[in-house]
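In: no sequence on hand, only this structure:
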Ligand code: WQD
């Protein structure tokens, strides 16, 4: 079996990617210290796939502990590195925490990959690397502007580190630039589990709708956009997950060494924050309690993907619609409430 190491495997995108990898014949192990995740999500992975996934509860900022995992698993054929803090607003409040965690962990994993000659490395990057682009439908070649947040800067730095290291060792790399991952696996056995007050839009919407939050705030409706709110390219997390399997297969076919390819993972459609709220209300027949508040520092005004390269080279095509995204997100929130009730 091809063993793939997923760092951040208990996280939102990590857990969905593990499901897709297993569905496609890979054996998977995870490293996740659960500082921003809950290991229970792997029970949901097992429910879907029938496979128990081993998680090493290791802090990726401690090299010796990371290396010990690689020594215990010498047949790792690929690494998918998700583990990182990823909240734009939080990174503005605590930049050093983001630089220390996101960069140190990446360096340790790459050092182990070099030492153990792991042939494939996929880096979880983000559309935030574009900053506030001059053209809002971006290709992988769109010039990167100054990162709008320390989070975005850690992704810009991370991409440069991966690109530089890959060419110096026998590894092939892929950088996957996610736009806005939302929704839950169609089985509703896994989904997003924000720790504490949700930073991202969709969990804030669903937690407000279910009553965990009294009201949500739209961070600014005075931008120069179609309705004044920010524009994003929301994409179903399972579409993002499948792109990782396709990226691995792309790398497996590569005989040439030292490549590092970049792919945008978005639907190619831009939705405003207010449009997403409207879609949520309509699809789920819910009136959401929200208010318009001040802009959030670090927010990019508008961005969405030109995804032609991933479609052409990875043979990837997003299959979930905005309706699927807001519907599965809501069904997941309802399942969390039911699980909590069952535990009482
Ligand atoms: C989206 C819009 C907010 C919460 C995310 C991930 C990042 C990266 C890119 C993958 C913004 C607005 C939000 C709320 C709001 N993806 N909003 N009220 O900042 O685009 O970044 O996608 O790696 O990791 O964090 O996503 O969901 O935080 O914000 O109005 O309560 O929703 O202002 O315009 P963002 P987000």
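Out: Alright, I've got the coordinates. Predicted model only: the values in this text are computed from it and were never measured.
In: can you list the residues of the stretch 201-344 of the chain near the ligand?
Out: The stretch 201-344 of the chain has residues 201, 204, 216, 217, 218, 219, 230, 232, 273, 296, 299 near the ligand, with proximity defined as Cβ under 6 Å from any ligand atom. In short, each C-beta sits where N, CA and C put it, glycine included.
In: so what's the second one up against?
Out: Under the criterion of Cβ atoms under 8 Å, 6 or more residues apart in numbering, the neighbours of residue 204 are 198, 213, 216.
In: go again using 10 Å as the cut-off
Out: Contact analysis of residue 204 by Cβ atoms under 10 Å, 6 or more residues apart in numbering lists 194, 197, 198, 212, 213, 215, 216, 217, 218, 219, 288, 290.
In: just the buried subset of these, please.
Out: Among the contacts of residue 204, those classed as buried by 16 or more other Cβ atoms under 10 Å are 194, 198, 213, 216, 218, 219, 288, 290.
In: now the helix or strand where residue 250 lies: buried residues?
Out: Element membership of residue 250 [criterion: DSSP states H and E] is helix 237-252. Of all the residues in helix 237-252, those buried under the rule 16+ other Cβ under 10 Å are 237-248, 250-251.
In: just stretch 2-22 next, same as before
Out: 2, 4-22.
In: what number of residues lie near the closest residue to residue 9 other than its chain neighbours?
Out: Using Cβ to Cβ, 6 or more residues apart in numbering and skipping residues adjacent in sequence, the residue nearest residue 9 is residue 30, 2.6 Å away. Neighbour count of residue 30, defined by other Cβ atoms under 10 Å: 30.
In: so who does residue 30 touch?
Out: Counting by Cβ under 10 Å, 6+ apart, residue 30 touches 4-11, 14-15, 18, 37, 39, 41-42, 45, 53-58, 69, 80, 82-83.
In: can you do 8 Å?
Out: 5-10, 14, 18, 42, 53-56.
In: one step back: looking at the buried residues of stretch 2-22, which are in strands?
Out: 4, 5, 6, 7 (DSSP state E).
In: quick revisit: from the buried ones among the contacts of residue 204, pick the one nearest residue 278.
Out: Proximity of the buried ones among the contacts of residue 204 to residue 278 was ranked by Cβ to Cβ; the top entry is residue 288 with 9.1 Å.
In: from memory the closest one sits against residue 205, does it?
Out: Yes. With contact defined as Cβ atoms under 8 Å, residue 288 and residue 205 form a contacting pair (6.3 Å).
In: shared neighbours of the two, anything?
Out: Common contacts of residue 288 and residue 205 (Cβ under 8 Å, 6+ apart): 216, 277, 280.
In: can you map out the helices along the stretch 51-200 of the chain?
Out: All helices of the stretch 51-200 of the chain, identified by DSSP state H, counting those that start in this stretch, fall at 63-72, 88-93, 95-115, 150-166.
In: show me what the second one is packed against.
Out: On a contact count with 3 or more Cβ pairs under 8 Å, 6 or more residues apart in numbering; DSSP states H and E, helix 88-93 meets helix 150-166.
In: turn the shared contacts of residue 288 and residue 205 into CSV, columns for secondary structure and distance to residue 336.
Out: CSV is the format used below for the shared contacts of residue 288 and residue 205 (DSSP: H, G, I helix; E, B strand; the rest coil; distance: Cβ to Cβ, whole Å):
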residue, secondary structure, distance to residue 336
216, strand, 17
277, helix, 20
280, helix, 16
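In: farthest pair within the contacts of residue 204?
Out: 212 and 219 (18.9 Å).
In: host element of residue 315?
Out: Using DSSP H and E, residue 315 is not contained in any helix or strand.
In: quick check, pLDDT for the residue nearest to it when sequence neighbours are not counted.
Out: Sequence neighbours aside, residue 246 is the residue nearest to residue 315 in space, at 6.5 Å (criterion: Cβ to Cβ, 6+ apart). Looking at residue 246, its pLDDT reads 98.
In: repeat for the one 3 residues further on
Out: Model confidence at residue 249, expressed as pLDDT, equals 96.
In: quick one, what contacts it?
Out: residue 24.
In: please apply the same query to residue 34.
Out: Here residue 34 is in contact with 10, 57 (Cβ under 8 Å, 6+ apart).
In: that concludes my questions; thank you for your assistance.
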